[in-house]
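> what's the 3D shape of this:
(2 chains)
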Amino acid sequence: MVKLNVNNKVYTVEAEPDTPLLWVIREQVGLTGTKYGCGVAQCGACSVHFNGQVARSCSIPLGSVKPTDRIVTIEGLSATSSNPVQRAWAEVDVPQCGYCQSGQIMAAAALLRKTPNPTDQEIDEAMTNICRCGTYQRIRTAVHAAATLAQASATQKSKA
Amino acid sequence: MKKLIRPGVRSPARRRFIVGSAAAAGGGLALGFHLPFGEAFAQPRTSAGAEINAWVVIQPDDTCIIRIARSEMGQGTRTGLAQLVAEELECDWKKVATDSITPGQNLARKRAWGEMGTGGSRGIRTSQDYVRRGGAAARMMLLQAAADQWKVPVDELTVSNGVIEHAASKRRTTYGKVAAAAAKVAPPDPKAIKLKDPKTWTIAGKPLNRLDTADKLNGSKVFAIDVKLPGMLCAAIKSSPVFGGTLASYDEAKITGRPGVKRVLKVNDNTIAVVADTFWHAKTALDALPIEWNEGEGAAQTSATIADRLQEGLTATATNGGRRNGDALAAIDKAAKKVEAVYSTPFLAHATMEPMNCTARITADRAEAWVATQNSEAALAALSEASGLPLEKCEIYRHDLGGGFGRRGGAQDYVRQAAAIAKQMPGVPVKMIWTREEDMSHDFYRPISQCRMVAGLDESGALVGLHVRVSGQSINAFSNPAGVVDGKDMRQLQGYYEEAGDAQLGYTVPNLLIEYAMRNSHVPVGAWRGVNTNQNAVYMECFIDEAARAAGRDPLDFRRALMSKHPKHLAVLNAAAEKAGWGTPLPAGVHRGIAQFMGYGSYSAAVAEVSVDAQGKLEVHRMVLALNCGHAVNPAQIAAQVEGSVAYGLSATYYGECTVANGRIVEQNFDTYPILRLAEMPKVETVIVPTHDFWGGVGEPTICVVAPSVLNAVHAATGKPVRSLPLKNVKLV
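All right, here's what the predicted structure looks like:
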């Protein structure tokens, strides 16, 4: 029995310590927005936030996760898809099939937390997840749009 | 209109599906049921309401549910088809939702929804007529119901955004209010249905956002791989790594007692499965299972033996179809200048982001499968065959695909496997998931081919003779032997056809000989986005550039001179050239390349701008693509498809290659089969030049011009032609 903090909720799960966090999230915790794509940390479909950093959950063994580690999945990014990245993704109409988009959104949200107004080069370096439908051009546009949205809401908040 | 279904007839099976699958999916949005964005986080609704006809259901609150038969794999067909129906229906687009019918429902209603297969860029172009008629017929019935209620002639009514008005009596009502009565109105005579002139479209033809985005942003979309059913087990499978090999033996005792393992099963002659409580338990137990294979004859094959066979086909006497006019060999022989080149393209995997998977549950009298498929009816047939139950006792619950690109088309191999597993565990739902490694090593690969091109130029540099010899593997020979007629297989010459309409060669050459030599291997092959237009466009368009260069002519002008009899091809080429500023100065070190080709009933052209640095590193800066697909149902989604085709095409150009050693595919995952990433994505500009006089495809046509335009730009940059893909194997400087 292991305790896991996922989306600010504590789950008690039973799995072998070598089980990848991805499969614990999908099969034990029951959150399927985080996707399996390659299992070898290449594609990023399994991206989650691990203590605030984007991480590829297929390559994190359960045994290395502490109960105090904070894991956030796509389901926990916001309650109503109100995160600026999700809003920008909708506005720019980014997804095609959508399978990789949870991971793309998690990667973009982590990038913007660290770099609120990224340059194209910073986007190139941070957004390394694979999309086979080829939504890359719209992802780039949407990351910039999300940065603008986030700054607009920050300004509003500071005025209020 | 094929046949309007009598109103009020609703399949009980369909209701079961909606309710059952919503429960199965853990209470999330029901499968295939999508709300327009903006209402995204409303409670899921059922599709109860008045069925006006097969395509249109209207609810009392004016929600118009448009039924969709084709598969959605990201290409946007759901939204495009809904736009076409809504256009004729005259409903309020903001109140449109869609629902996906199942193949069981289609079967029960004598194919009221027509063909469900979604490949060959056919989703919209081959159903546009009957779905528009379905929308128009529903509108006529709704208006008739209002006219009956008000006792006025129907032609005194007007309708806009689902609001019906009778100006003379100043009365108005809405679709939602008359829907129940309209469902009882007799369907109109098909001859009385008049479709709108596309020039007057207000919903179709507009760059609207997709209808199905909301649940892709928050993790709530249920892909087939996410299905959960009560009592469900999970399976991992392994098929003979050598194609054509069979299962010899396995040592089950070595994995007994491993956590969660329930069964070790023979799926078929060449596949074994481990079934466990979780996929991870099944997969790790399978990895630990000692398995012996009878590898068979295929084990001796390598990339080199296959390449040798293809090379022999480049000059062999006997051929498998082609076309000719004039005497190309004599013309080339007599020509002032002769140009010759041999090209090659490799096997490619589809590598959809969602690996193959299927969940099946089979009892003595019912077989069900939850699956992502490009061909729901083929999936139903595969389930029926594998379960041994008649079609009427089978059902496929469709899930939107996490990528298709041709992989999830006709074969339905994963449905057969899941059914074979579930059949051995009656009543237990089993979710079979392939690992990425299984997916990469058991694809239906884009066929390998080579091509020898020879051209003759006269003193003025005009092309007087062209000889094209394609040698390569045939998709028809592997999966559709009936397509090979009298030993001839024209499918492999896609894009070189003389006939207009589908994949016509855009050049007129006075002496032309095009031939195909079929050289098959033991590697399974299939349709891969763009299919044979990909390889054939590389050969033709790179060689036309080489010929232009030999003639001392600008590649655009050289092409134009050959295209006067193909005005549509030419117009698209010109559109791309104009938007790209062909002939205008570029920054130092940046070079252009151009290409045009036709496939799937549409005309495409591209201009690429690239640079190659001193170390030979290639960068594609900008790509302009022009497309004439006849009618453009949603320009924004067409642009998305064009952008996607650049990513898929460039990935193949840079990296795509499946090699064969000891009879098996070497590349097993994305570390050895690299995929284009965001940093490598050029700026893509899409120019849509619809001529509004035909219906062409969108998902596939533009991919084939990506590689040749880039390769021609590389040639311009380095002065050296690239004749073999992928570029990762080529030293550019």
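
> Quick one: low-confidence residue ranges for the chain.
Picking chain A for this. Of all residues in chain A, those with pLDDT under 70 make up the ranges A:160.

> try again with chain B
Within chain B, the stretches with pLDDT under 70 are B:1-47.

> Spell out for me which residue occupies the centre of it.
The C-alpha lying nearest the average C-alpha coordinate of chain B belongs to residue B:405 (Cα atoms, centre = their mean; 4.2 Å).

> I'd assumed residue A:132 was in contact with that one.
Yes. Residue B:405 sits in contact with residue A:132 when judged by Cβ atoms under 8 Å, with a separation of 7.2 Å. Placement of C-beta: from N, CA and C, glycine included.

> contacting residues for the residue nearest the centre of chain A?
Most central in chain A under Cα atoms, centre = their mean is residue A:106, positioned 1.9 Å from the mean C-alpha point. Under the criterion of Cβ atoms under 8 Å, 6 or more residues apart in numbering or on different chains, the neighbours of residue A:106 are A:47-49, A:54, A:72-74, A:77.

> JSON lines for those, including secondary structure, distance to chain B and neighbour count?
Putting the contacts of residue A:106 into JSON lines (DSSP: H, G, I helix; E, B strand; the rest coil; distance: Cβ to the nearest Cβ, whole Å; neighbours: other Cβ atoms under 10 Å in any protein chain shown) gives the following:
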{"residue": "A:47", "secondary structure": "strand", "distance to chain B": "12", "neighbour count": "31"}
{"residue": "A:48", "secondary structure": "strand", "distance to chain B": "11", "neighbour count": "28"}
{"residue": "A:49", "secondary structure": "strand", "distance to chain B": "13", "neighbour count": "22"}
{"residue": "A:54", "secondary structure": "strand", "distance to chain B": "14", "neighbour count": "22"}
{"residue": "A:72", "secondary structure": "strand", "distance to chain B": "11", "neighbour count": "20"}
{"residue": "A:73", "secondary structure": "coil", "distance to chain B": "7", "neighbour count": "23"}
{"residue": "A:74", "secondary structure": "helix", "distance to chain B": "4", "neighbour count": "30"}
{"residue": "A:77", "secondary structure": "coil", "distance to chain B": "7", "neighbour count": "23"}
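
> State the phi and psi torsions of residue A:102.
Residue A:102 adopts backbone torsions of phi -60, psi -50, taken as degrees, to the nearest 10.

> can you pull the contacts of the closest residue to it other than its chain neighbours?
What sits nearest to residue A:102 in space, not counting adjacent residues and going by Cβ to Cβ, 6 or more residues apart in numbering or on different chains, is residue A:74, at 3.9 Å. Applying Cβ under 8 Å, 6+ apart, one finds that residue A:74 lies in contact with A:33-34, A:48, A:102, A:105-106, B:218-219.

> Alongside chain A, which residues does the stretch 201-350 of chain B contribute?
Applying Cβ under 8 Å from any Cβ of the partner chain, we find that the stretch 201-350 of chain B lies next to chain A at B:209-210, B:212-223, B:225-226, B:228, B:234, B:259, B:278-280.

> which residues of chain A fall in strands?
Along chain A, counting by DSSP state E, strands occupy A:2-6, A:9-13, A:47-50, A:53-56, A:70-72.

> shared neighbours of residue B:405 and residue A:132, anything?
With contacts taken as Cβ under 8 Å, 6+ apart, the residues that reach both residue B:405 and residue A:132 are B:352, B:648.

> can you tell me how far the residue nearest to the centre of chain B sits from residue B:697?
Residue B:405 sits 14 Å away from residue B:697, taking Cβ to Cβ, to the nearest Å as the criterion.

> And chain A, split by domain according to the record?
Using automatic domain parsing, the domain ranges for chain A come out as A:2-76, A:84-155.

> which one of those domains is the most hemmed in?
Using mean count of other Cβ atoms under 10 Å in any protein chain shown, the stretch among the domains of chain A with the largest mean neighbour count is domain A:84-155, at a mean of 22.

> give me the residue from chain A nearest chain B.
When scored by Cβ to the nearest Cβ, chain A has residue A:33 as its residue closest to chain B, at 1.9 Å.

> ok, and does whichever helix in chain A runs longest reach over to chain B?
Ranked by number of residues, the top helix in chain A under DSSP state H is helix A:136-159. Yes. Using Cβ under 8 Å from any Cβ, a contact is recorded between helix A:136-159 and chain B, made by A:136-140.

> Which one of those residues is nearest to residue B:294?
Minimum separation from residue B:294 among these (Cβ to Cβ) is found for residue A:136, which lies at 43.9 Å.

> and the closest residue to the closest one other than its chain neighbours, what does it touch?
The shortest distance from residue A:136 to any non-neighbouring residue, by Cβ to Cβ, 6+ apart, is to residue B:681 (3.9 Å). If you count contacts by Cβ under 8 Å, 6+ apart, residue B:681 has them with A:134, A:136-137, A:140, B:646-647, B:650.

> and these, which two are the farthest apart?
Applying Cβ to Cβ across the contacts of residue B:681, the maximum distance is between A:140 and B:650, 15.2 Å.

> Residue most distant from the centroid, chain B?
Note on chain B: the largest separation between a C-alpha and the mean C-alpha position, by Cα atoms, centre = their mean, falls on residue B:169 (51.2 Å).

> which residues does it contact?
With contact taken as Cβ under 8 Å, 6+ apart, residue B:169 is in contact with B:150, B:152.

> mind checking the SS state of it?
Secondary structure for residue B:169, judged by DSSP: H, G, I helix; E, B strand; the rest coil, is coil.

> and if you look at residue B:235?
The local conformation at residue B:235, judged by three-state DSSP, is strand.

> Count the neighbours of the nearest residue to it once chain neighbours are set aside for me.
With Cβ to Cβ, 6+ apart as the criterion, residue B:235 has its nearest non-adjacent residue at 4.2 Å, and that residue is residue B:432. Applying the criterion other Cβ atoms under 10 Å in any protein chain shown, we find 28 residues in the vicinity of residue B:432.

> Repeat that for residue B:476.
Neighbouring residues of residue B:476 were enumerated by other Cβ under 10 Å; the total is 18.

> what's the answer for residue B:554, then?
Close neighbours of residue B:554, defined as other Cβ under 10 Å, add up to 14.

> buried residues in stretch B:242-260?
By 16 or more other Cβ atoms under 10 Å in any protein chain shown, the buried positions in stretch B:242-260 come out as B:242-245, B:247, B:250, B:255, B:258, B:260.

> can you redo those residues as TSV with secondary structure?
Putting these into TSV (three-state DSSP) gives the following:
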residue	secondary structure
B:242	coil
B:243	coil
B:244	coil
B:245	coil
B:247	strand
B:250	strand
B:255	helix
B:258	coil
B:260	coil
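
> Farthest-apart pair in those, please.
Of all pairs drawn from those, the greatest distance, 32.6 Å, lies between B:244 and B:260 (Cβ to Cβ).

> what helices or strands is the helix or strand containing residue B:368 leaning on?
Here residue B:368 is covered by strand B:366-371, with elements defined by DSSP states H and E. With contacts defined as 3 or more Cβ pairs under 8 Å, 6 or more residues apart in numbering or on different chains; DSSP states H and E, strand B:366-371 has these neighbours: strand B:357-363, helix B:376-387, strand B:394-398, helix B:413-423.

> any chance of these in a markdown table, plus mean neighbour count and distance to chain A?
A markdown table is the format used below for the helices and strands packed on strand B:366-371 (neighbours: other Cβ atoms under 10 Å in any protein chain shown; distance: least, Cβ to the nearest Cβ, whole Å):
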| stretch | mean neighbour count | distance to chain A |
| --- | --- | --- |
| strand B:357-363 | 26 | 9 |
| helix B:376-387 | 23 | 17 |
| strand B:394-398 | 26 | 14 |
| helix B:413-423 | 26 | 15 |
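
> Which among these is found nearest to residue B:484?
Minimum separation from residue B:484 across the helices and strands packed on strand B:366-371 (Cβ to Cβ) falls at helix B:376-387, 20.3 Å.

> Neighbouring strands of whatever helix or strand residue B:98 lives in in the sheet, and parallel or not?
Under DSSP H and E, the secondary-structure element containing residue B:98 is strand B:96-100. Taking DSSP bridges as the criterion, strand B:96-100 pairs within the sheet with strand B:33-34 (antiparallel), strand B:64-68 (parallel).
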